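**Q** Below: sequence and its predicted model.
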Amino acid sequence: MNKSETSEKVARLIDANLNRLKEGIRVIEDINRYIYDDASLTSELKSLRHKLQIIYSQERLYFRDIENDVQKKSIESELKRSSVTDLVIANFSRAQESARVLEESFKLIDPVLSEIAKEVRYGLYGVEKKFFLKHSATEV
């Protein structure tokens, strides 16, 4: 793979993980907003999600290749959730993993953006702890 192909593949990797990260945060944010009526955690999550705007680049859309994504089909475990807590756990994991991929990927391009992804990842760790300390006894 030449340097141009590599940068295109990295752009695709960043695009996919930024989408996954923002979507995961949004699911948790909306659960805190609409199910738990938790203004504090909703606000923290919204702030983390908005922190990602500086990372967004319309140019990466050019490298998006949904049709040829080898993993776009869901596996069985992704199709089943038995509770809101399961949704929260799955989406915290999804978001944290994506933030880590972004953190590592941006080390190839822009260390400042790598640090932003790291800050978001650690922010998610903190919000996750707060969520489960507040809501672990209130299963929905």
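**A** Great, that's in hand.
**Q** burial of K51, as a residue count?
**A** By other Cβ atoms under 10 Å, the residues close to K51 number 15. C-betas here are computed from N, CA, C, even on glycine.
**Q** How about it, nearest residue that isn't a chain neighbour?
**A** Using Cβ to Cβ, 6 or more residues apart in numbering and skipping the chain neighbours, the partner closest in space to K51 is V120 (5.8 Å).
**Q** what residues are up against the one you found?
**A** Shown in contact with V120 (Cβ atoms under 8 Å, 6 or more residues apart in numbering): L21, L48, K51, L52, A99.
**Q** So for the third one, what's the pLDDT?
**A** Okay, so that is K51. You'll see K51 listed with a pLDDT of 95.
**Q** and it, what does it touch?
**A** I116, E119, V120, G123.
**Q** cool, the second one as well?
**A** Contacts here follow Cβ under 8 Å, 6+ apart; on that basis L48 touches I25, V120, G123, L124, V127.
**Q** Out of those, which comes closest to L41?
**A** V127 (6.1 Å; Cβ to Cβ).
**Q** how close does that closest one sit to I14?
**A** 23 Å (Cβ to Cβ, to the nearest Å).
**Q** Select the longest helix from the protein.
**A** helix 3-30 (DSSP state H).
**Q** next helix or strand past it?
**A** Next along the chain after helix 3-30, taking DSSP states H and E as the criterion, comes helix 39-51.
**Q** Now the helix or strand that comes right after that following helix: average pLDDT?
**A** With elements assigned by DSSP H and E, the helix or strand that comes after helix 39-51 is helix 84-106. For helix 84-106, mean pLDDT is 96.
**Q** And the lowest-mean-pLDDT helix or strand in the chain, what's buried?
**A** Lowest on mean pLDDT, DSSP states H and E among the helices and strands of the chain sits helix 3-30, with a mean of 90. Across helix 3-30, burial judged by 16 or more other Cβ atoms under 10 Å covers 8, 10-18, 20-22, 24-25, 27-29.
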